[in-house]
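[1] Below: sequence and its predicted model.
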Amino acid sequence: MRLSRYFLPIIKETPSEAQIVSHRLMLRAGMIRQSSSGIYSWLPLGLKALKKVEAIVREEQNAAGAIEMLMPTIQSADLWKESGRYDDYGAEMLRITDRHQRDMLYGPTNEELITDIFRREVRSYKSLPLNMYHIQWKFRDEIRPRFGVMRGREFLMKDAYSFDVSKEEGVKSYNRMFVAYLRTFARMGLKAIPMRADTGPIGGDLSHEFIVLADTGESEVFFDKAFDGFDPMAEKAEFGADLQPIVDHWTSKYAATDEMHDPENCPADLNEGRGIEVGHIFFFGDKYSKALGASVQRSDGENTFVQMGSYGVGVSRLLGAIIEASHDENGIIWPESVAPFKVGLINMRVDDEACSTVCEDIYSQLEAAGVDVLYEDTNERAGGKFAKMDLIGLPWQLVVGPRGLKNGVVELKNRASGDRIEMTVEAAVAKLTA
RNA sequence: CGGGGAGUGGCGCAGCCUGGUAGCGCACCUGUUUUGGGAACAGGGGGUCGCAAGUUCGAAUCUUGUCUCCCCGACCA
């Protein structure tokens, strides 16, 4: 992408409405713009990063055996009245009336809808286990939206729903999601710790929140120092195998948010910090299947209410969480796996023919190799180009200027480490396409 | 919902107390000189001052109402 033809509205000053660093940087880097309180438009750069995060979530869900589908944002109130949550959910649910005066709502979650689909179609235990998910926009009319996309009213969420014939099988489904979540967050460069959670309005008795550590997190967290040495990617996840040992490994050590923390009954030597909840998984048994009459016939011929779990990831919130966890005073530092572009190609002198020729050549080579590259080909001054690249935080900056070209070199800068290395064009292209 | 604050060119703000027809910085456009860490000079465009009533010869400024946004608290992926 050529920056001269891109839409990247940078803000030099610190926006006054943004209190936390991820919100400030997302506004400044031209990723998002607020549309109304807690509701945002995703500008091209922000959308690109959002799609990267979404792709990782999707890959790990698929790997764990979940099947993607898509349910609507607008739902009929009927199912919610049937489950009893139409009244329970309260003012947080955005209620809408259509032209025929039918009660509708903008979905805050999808347990009812998925259960309805299930009960209409599935009759036999032979169809189980089943886990279906979608990645869809949700709306919860938060009392007070804040922190940009971290707590918006409209947000993108991955929610998966598992169906099993028995509690034992249901726990296996739960464990698959548990491990998928460990991998998902790790791949985004995040350290996420599963913590025993309050099940809240969704209900159930088995539940974990996945908390990313960040100073600006919303809840206080307490966890065993042993987590410092835990690496989710070290354990090879074989989703067909018994995952209980991995889950046990991660849940045997103490970890709790403030609401679940028990100072009377925890190890003495704990890490304390703040965290951002980026995922929440529940096993709630037959709570919804009973309310909505979703049952299957077992091999013994008896009918049984299906055992369900639900598994959420705050996809749009993750963008904020990643930036909270990875930035410096100059801007965002994207982990390569979720960076909107892998490399920013900086043409120091657009009006210098030799310089531009080399840049064009590098640009087409990188594009041809499938490298996501943002070519800074504007007429801006050097300082502005550097500041902008640091702000948007692409992992690599390739600086091409007449000064270096005189000696046959370009400069490759690593955003995270700040290291700059001079090398030939060929070496730089080779490094970036490796 | 309770408490606090703010709405004035795209952004950040001043002006309001003490009414007289709107200003600064950045951004934007043109030109010239510049060009390796957010350039300089000159010229230029852009605002019915959130909205609505009212007071007044006259309202950004005073009064009332209303909408929106932000911050603190209770609630949430």
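    Good, I have the coordinates. For clarity, every value in this text was computed on a predicted model and none was experimentally measured. Numbers count the residues shown, from 1 in each chain, chains lettered A, B, ... in the order given.
[2] per-residue pLDDT, A:His280?
    For A:His280, the pLDDT comes out at 92.
[3] That one - that's part of a helix, no?
    No. Secondary structure of A:His280 (DSSP: H, G, I helix; E, B strand; the rest coil): strand, not part of a helix.
[4] near RNA strand B, which residues of the stretch 201-350 of chain A?
    Within reach of RNA strand B by Cβ under 7 Å from any atom of the strand, the stretch 201-350 of chain A has these residues: A:201-202, A:209, A:218-219, A:277-280, A:312, A:314, A:316-317, A:330, A:348-349. Any C-beta I mention is one placed from the backbone N, CA and C, and that applies to glycine too.
[5] Among those residues, name the buried ones.
    Buried by 16 or more other Cβ atoms under 10 Å: A:202, A:209, A:219, A:277-280, A:312, A:314, A:316-317, A:348-349, out of those.
[6] Now name the helix or strand holding the residue nearest to A:Asn330 when sequence neighbours are not counted.
    Setting aside the residues directly before and after it, A:Asn330 is nearest to A:Asp390 in space (Cβ to Cβ, 6 or more residues apart in numbering), at 4.0 Å. Element membership for A:Asp390 (DSSP states H and E) is helix A:382-392.
[7] swap in A:Glu264?
    Applying DSSP H and E, one finds A:Glu264 in no helix or strand.
[8] okay, it: pLDDT?
    For A:Glu264, pLDDT reads 82.
[9] Flag the shaky bits of the stretch 201-350 of chain A, pLDDT-wise.
    When residues are selected by pLDDT under 70, those of the stretch 201-350 of chain A lie in A:201-205.
[10] And the strands in it?
    Remark: strands assigned in the stretch 201-350 of chain A by DSSP state E, counting those that start in this stretch are A:206-213, A:219-224, A:255-257, A:270-285, A:295-297, A:303-305, A:307-314, A:327-328, A:331-332, A:343-347.
[11] For the longest one, list the C-alpha coordinates in CSV.
    Once side chains and other backbone atoms are set aside, the C-alpha atoms of strand A:270-285 remain, and they are given as CSV (Å, rounded to 0.1, in the frame of the first residue of the first chain):
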residue,chain,number,x,y,z
LEU,A,270,1.6,-13.8,45.2
ASN,A,271,2.1,-11.5,42.2
GLU,A,272,-0.3,-8.7,42.3
GLY,A,273,-1.2,-6.6,39.4
ARG,A,274,-4.0,-5.4,37.2
GLY,A,275,-5.5,-7.2,34.3
ILE,A,276,-7.7,-6.9,31.2
GLU,A,277,-10.2,-9.7,30.7
VAL,A,278,-9.9,-10.8,27.0
GLY,A,279,-11.7,-14.1,27.2
HIS,A,280,-14.3,-15.9,29.3
ILE,A,281,-15.3,-19.5,29.1
PHE,A,282,-18.3,-21.2,30.8
PHE,A,283,-19.6,-24.6,31.2
PHE,A,284,-23.2,-24.2,32.3
GLY,A,285,-24.7,-27.7,31.7
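[12] Helix, strand, or coil at A:Cys41?
    Careful, residue A:41 is Ser; it's not Cys. Per three-state DSSP, the secondary structure class of A:Ser41 is strand.
[13] I figured A:Pro64 was touching A:Tyr181, is that so?
    Wrong residue type there; residue A:64 is Ala, not Pro. No. If you go by Cβ atoms under 8 Å, A:Ala64 and A:Tyr181 don't touch, sitting 9.1 Å apart.
[14] hmm, who's touching stretch A:350-365?
    Stretch A:350-365 has contacts (Cβ atoms under 8 Å, 6 or more residues apart in numbering) with A:2, A:345, A:347-349, A:373, A:375, A:377-379, A:398, A:400-402, A:405, A:410, A:425, A:428-429, A:433.
[15] How much space separates A:Thr304 from A:Ile11?
    From A:Thr304 across to A:Ile11, the span is 57 Å (Cβ to Cβ, to the nearest Å).
[16] Flag every buried residue along the helix holding A:Asp390.
    A:Lys385, A:Phe386, A:Ala387, A:Lys388, A:Met389, A:Asp390, A:Leu391, A:Ile392.
[17] Residue of the stretch 251-400 of chain A nearest RNA strand B, please.
    Residue nearest to RNA strand B within the stretch 251-400 of chain A (Cβ to the nearest atom of the strand): A:Gly383, separated by 2.3 Å.
[18] what separates that residue from A:Gly393, distance-wise?
    Distance check for A:Gly383 against A:Gly393: by Cβ to Cβ, it reads 17 Å.
[19] now A:Pro194
    Noted for A:Pro194: a distance of 28 Å to A:Gly393, by Cβ to Cβ.
[20] Tell me which of those two has more neighbours.
    A:Gly393 (26 against 23; other Cβ atoms under 10 Å).
[21] Next up, phi/psi of that one, please.
    phi 70, psi 30 (degrees, to the nearest 10).
[22] Would you mind confirming that it is in contact with A:Gly30?
    No. The pair A:Gly393 and A:Gly30 fails to qualify as a contact (Cβ under 8 Å) at a distance of 11.9 Å.
[23] interface residues of the stretch 1-150 of chain A facing RNA strand B?
    Within the stretch 1-150 of chain A, the residues that sit near RNA strand B (Cβ under 7 Å from any atom of the strand) are A:10-13, A:15-17, A:19, A:34, A:36-38, A:92, A:140, A:142-147, A:150.
[24] Of the residues you listed, select the buried ones using a PyMOL command.
    Buried members of these, defined by 16+ other Cβ under 10 Å, are picked up in PyMOL with:
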select buried, chain A and resi 34+38+140+145+146+147+150
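[25] Which of the residues of the stretch 1-150 of chain A next to RNA strand B fall within strands?
    Counting by DSSP state E, these place A:Gln34, A:Ser36 in strands.
[26] follow-up on the earlier one: let's have the buried residues of helix A:382-392 in TSV, adding distance to A:Asp88.
    Shown next, in TSV, are the buried residues of helix A:382-392 (distance: Cβ to Cβ, whole Å):
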residue	distance to A:Asp88
A:Lys385	54
A:Phe386	53
A:Ala387	50
A:Lys388	48
A:Met389	49
A:Asp390	48
A:Leu391	44
A:Ile392	43
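[27] Would you check which of those residues are in contact with RNA strand B?
    A:Phe386, A:Ala387, A:Lys388, A:Asp390, A:Leu391.
[28] Kindly reformat those residues as CSV containing pLDDT.
    Formatted as CSV, these follow (pLDDT from 0 to 100):
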residue, pLDDT
A:Phe386, 96
A:Ala387, 95
A:Lys388, 95
A:Asp390, 96
A:Leu391, 96
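[29] coming back round to it: got the CA positions of the helix holding A:Asp390 in PDB?
    What follows is helix A:382-392 as a C-alpha-only set of coordinates in PDB (Å, rounded to 0.1, in the frame of the first residue of the first chain):
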ATOM      1  CA  ALA A 382      12.200  13.000   7.400                       C
ATOM      2  CA  GLY A 383      11.300  13.800  11.000                       C
ATOM      3  CA  GLY A 384       7.600  13.500  10.300                       C
ATOM      4  CA  LYS A 385       8.000  10.200   8.500                       C
ATOM      5  CA  PHE A 386      10.000   8.700  11.300                       C
ATOM      6  CA  ALA A 387       7.500   9.900  14.000                       C
ATOM      7  CA  LYS A 388       4.600   8.600  12.100                       C
ATOM      8  CA  MET A 389       6.100   5.200  11.500                       C
ATOM      9  CA  ASP A 390       7.000   4.900  15.200                       C
ATOM     10  CA  LEU A 391       3.500   5.900  16.100                       C
ATOM     11  CA  ILE A 392       1.800   3.300  14.000                       C
END
